[in-house]
Structure formats: structure tokens, C-alpha cells
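**Student:** This is a predicted model, with the sequence first.
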Amino acid sequence: MNPTDPRPVYTRATEQAAALIRTVRPEQLDGPTPCAEFDVRTLVSHIVGGTRRIAIVGEGGDGLAEPAFTEGVPDDGCAEAYDEVRTRAIKAWESEDRMAAPVRVPWGEVPGHAALSGYVMEIVTHTWDLGESLGHPVALDPDLAEFALAAGHLNLPDPERDSRTPFDSAHPAPEGADAYTRLAAWLGRRPLA
């Protein structure tokens, strides 16, 4: 397990996602993403829903009872919806006790710090997805991708994935690829060419 406290990394990752979400224009909401089943609107809904899920887990609730998507986020209210839920998630994980306590997340029961590390992987990956979709309007922090990639290797050590895994099987990253490209490849993503 990565001994690094994931809370400051998660905070930075949510700040990065929030900056990117603020750049989304209404005409981009129907555009494609590297997640073939998501358009930009659905991806942002999933980012909000996933963040709500980890907030509930941090508050001691059952995050799996929460849908992975947030319905009804107005097209012009994406940034506000995400800011509200990410603030809630950051507050929910302030306790040292919560970091050590066992919690239930989609990949099993794990200590809180492992759950939050997994959600760093989730938000950083979806931030890359959104950046690809929007034409890279915000430079992404490579340190966040390195942390997310380490969490990805820990939480999804097998490069072959089945239909129960929310990420596709890994594929090779190009030689000399940056951290985001390696993260995307490990999680089965391909850039929108």
C-alpha cells in the first residue's frame, strides 16, 4: 500500500478537475470522450456522482448505495455541482480514524486510505478523459498522474479485465509516454485522435 497520505493528493486532484470542468461550454456537452459510452455531459455526471460516492464513504455511509451518476445536473451548473460535492468529500476524509477504518468501495472492503487512493485514480483518470474531450484547455499535473498510476497498479494489478471491472483491459503505452498517457493506457483508454 502506498504510504503517502492520499488526502492532499485527492484535494489537488479535485482542484484540477474543478478547473477543467469550469472550461466546459454548453456546445461541448454532447461531444465524445475516451469512454465510448459517455459523452461529455455523462462524463461530468459520473465525475459528480463518483465524488458524491466517496464523500458518503468518508462520512461513514454506504457509497455503493449511491448511484455512480448524478442525474439532473443543469448544463450550466456543472462547475457548481462539482465544487459542492468535492468540498463535501474533502471534509468527509479529514479524520485520521476514517483513514484507517475499513470501508466498502466497488472493488471490495479496504482501509480508508486505500479507498481514497483509488478515488484519486478515478478522478485523475476522468480528468484526463475530460481534457481529451475538450482539447486540453488546462495543463494537467504529472505528479497526480504518477500517484494515480501507482494506485491503478495496486487496485487493478491484472492488465486483463472482465466485464465486472469498470476499466477496460490495459494496452501498451508508447515508448517514452508521459504519466497521463501511461495511466490512460493502463486503464484501457486511447486518446481521441
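**Tutor:** All right, it came through fine. Numbers count the residues shown, from 1 in each chain.

**Student:** What sits closest to the most centrally placed residue in the chain if chain neighbours are left out?
**Tutor:** For the chain, the residue sitting closest to the mean C-alpha position, by C-alpha atoms, centre = their mean, is residue 123 at 1.8 Å. Sequence neighbours aside, residue 13 is the residue nearest to residue 123 in space, at 4.8 Å (criterion: C-beta to C-beta, 6 or more residues apart in numbering). Backbone N, C-alpha and C define where each C-beta goes, glycine included.

**Student:** residue contacts, that neighbour?
**Tutor:** Contact partners of residue 13, counting by C-beta atoms under 8 Å, 6 or more residues apart in numbering, are 120, 123, 124, 127, 144, 148.

**Student:** Just the residues you listed: which are in strands?
**Tutor:** When those are checked against strands (DSSP state E), there are no matches.

**Student:** quick revisit: which residues does the residue nearest to the centre of the chain contact?
**Tutor:** Contacts of residue 123 (C-beta under 8 Å, 6+ apart): 10, 13, 14, 17, 47, 50, 51.

**Student:** which of these sit farthest apart?
**Tutor:** The two members of the contacts of residue 123 with the most space between them (C-beta to C-beta) are 10 and 47, at 13.4 Å.

**Student:** who has more neighbours, these two?
**Tutor:** residue 47 (29 against 25; other C-beta atoms under 10 Å).

**Student:** picking up where we left off before, and the residue nearest to the centre of the chain, how far from residue 94?
**Tutor:** 18 Å (C-beta to C-beta, to the nearest Å).

**Student:** for residue 52, same thing?
**Tutor:** 17 Å.

**Student:** For the two, indicate the residue with more neighbours.
**Tutor:** residue 52 (23 against 10).

**Student:** sorry, back to before: so the residue nearest to residue 123 is in which element?
**Tutor:** helix 6-21 (DSSP states H and E).

**Student:** Tell me which residues of stretch 166-178 come out buried.
**Tutor:** By neighbour count on 16 or more other C-beta atoms under 10 Å, the buried set for stretch 166-178 is 166, 167, 170, 173.

**Student:** In TSV, list those residues along with secondary structure.
**Tutor:** Below are the buried residues of stretch 166-178 laid out as TSV (DSSP: H, G, I helix; E, B strand; the rest coil):
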residue	secondary structure
166	coil
167	coil
170	coil
173	coil
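
**Student:** Specify which member of these is nearest to residue 59.
**Tutor:** For the buried residues of stretch 166-178, the nearest to residue 59 is residue 166 (22.4 Å; C-beta to C-beta).

**Student:** where's the closest residue to the closest one other than its chain neighbours relative to residue 171, distance?
**Tutor:** Leaving out its chain neighbours, the residue that sits closest to residue 166 by C-beta to C-beta, 6+ apart is residue 106, at 6.9 Å. Plainly put, residue 106 is 22 Å away from residue 171 if you go by C-beta to C-beta.

**Student:** Ok, residue 124 next?
**Tutor:** 18 Å.

**Student:** which residues touch the closest residue to residue 107 other than its chain neighbours?
**Tutor:** Leaving out its chain neighbours, the residue that sits closest to residue 107 by C-beta to C-beta, 6+ apart is residue 155, at 5.9 Å. The neighbours of residue 155, taking C-beta under 8 Å, 6+ apart as the test, are 107, 114, 117, 118, 121.
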